[in-house]
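1. Have a look at this prediction, sequence included:
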Amino acid sequence: MTYIVYKTTNLINNRWYIGVHKTNKDRTYLGSGDLILDAIKKHGAESFIRETLYTYATDTEAYAKEAELVTTDVVKDRMSYNVRLGGSGGWERHLNTDKIIVKDKSGKRLKVNRNDVRYLNGELIPWNRGIPQPKSANEKRSMAAKGKPKARYMCIKCNKSVAIQSKDRHNRRPDHQD
């Protein structure tokens, strides 16, 4: 077994991820960070390329190199999928499924609990807010939504069809009060 320090690059938007992987010539592994996994799910594995930067015999050497490469500047870089400093490995996402990735006003990425007061009051915002998406992403969403039936509710007071999301607001209208 060998340990590699690798860089995975998204061929669509050129964002990248640096990580460590224990391998015996596995060429399909692209990364296990939260953001890189979301991106792979969104764009498909064929949209990514992995290059081996360094090869080591022990995990200690590999994680030391990752710590050198994945610094605070890398974590803050908007083109990086890395959300924490390198050098320690990362299986935290399996243990903390109630955590989400957000950014503060300075753009620093954080992983916080979904019930964090700062997130709930809007002080922290989703990490990807403000990142422009390619036009093709909107076109894909539009195509996926076409032909899907909309969830509707039939109001018994006015006999109108109302979107499920608007049901409560519709029923609060003054002419619907008993």
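-> Right, received. Where do you want to start?
2. And the pLDDT for Leu30?
-> Looking at Leu30, its pLDDT is 91.
3. Could you count how many residues lie near it?
-> 22 (other Cβ atoms under 10 Å). Quick note: C-beta positions are derived from backbone N, CA and C, even for glycine.
4. need the contact list for it.
-> Applying Cβ atoms under 8 Å, 6 or more residues apart in numbering, we find Leu30 in contact with 8, 17, 36, 40, 45, 48, 50.
5. try 7 Å this time
-> Taking Cβ atoms under 7 Å, 6 or more residues apart in numbering, we find Leu30 in contact with 8, 36, 40, 45, 48, 50.
6. After the helix or strand of the chain with the lowest mean pLDDT, which helix or strand is next?
-> Ranked by mean pLDDT, DSSP states H and E, the weakest helix or strand in the chain is helix 92-95, scoring a mean of 47. Next along the chain after helix 92-95, taking DSSP states H and E as the criterion, comes strand 99-103.
7. Give me the contact list for the helix or strand following that following strand.
-> Past strand 99-103, further along toward the C-terminus, the next helix or strand under DSSP H and E is strand 109-113. Contact with strand 109-113 is made by 75, 83, 98-104, 119, 124, 127, as judged by Cβ under 7 Å, 6+ apart.
8. Distance from strand 109-113 to the middle of the chain?
-> Remark: strand 109-113 is offset 12 Å from the chain centroid, using Cα atoms, centre = their mean, to the nearest Å.
9. State the mean pLDDT of the following helix or strand past it.
-> Counting by DSSP H and E, the next helix or strand C-terminal to strand 109-113 is helix 117-120. For helix 117-120, the mean pLDDT works out to 86.
10. where do the strands sit along the chain?
-> Assigned by DSSP state E, the chain shows strands spanning 2-10, 16-23, 48-56, 99-103, 109-113, 125-126, 152-154, 161-163.
11. Identify whichever of those strands lies nearest to Pro134.
-> When the strands of the chain are compared by Cβ to Cβ, strand 2-10 sits nearest Pro134, at 11.0 Å.
12. care to break this protein down by domain?
-> 2-95, 96-147, 148-178 (automatic domain parsing).
13. Can you tell me which of those is most buried?
-> Comparing these by mean neighbour count (mean count of other Cβ atoms under 10 Å), domain 2-95 comes out on top with a mean of 16.
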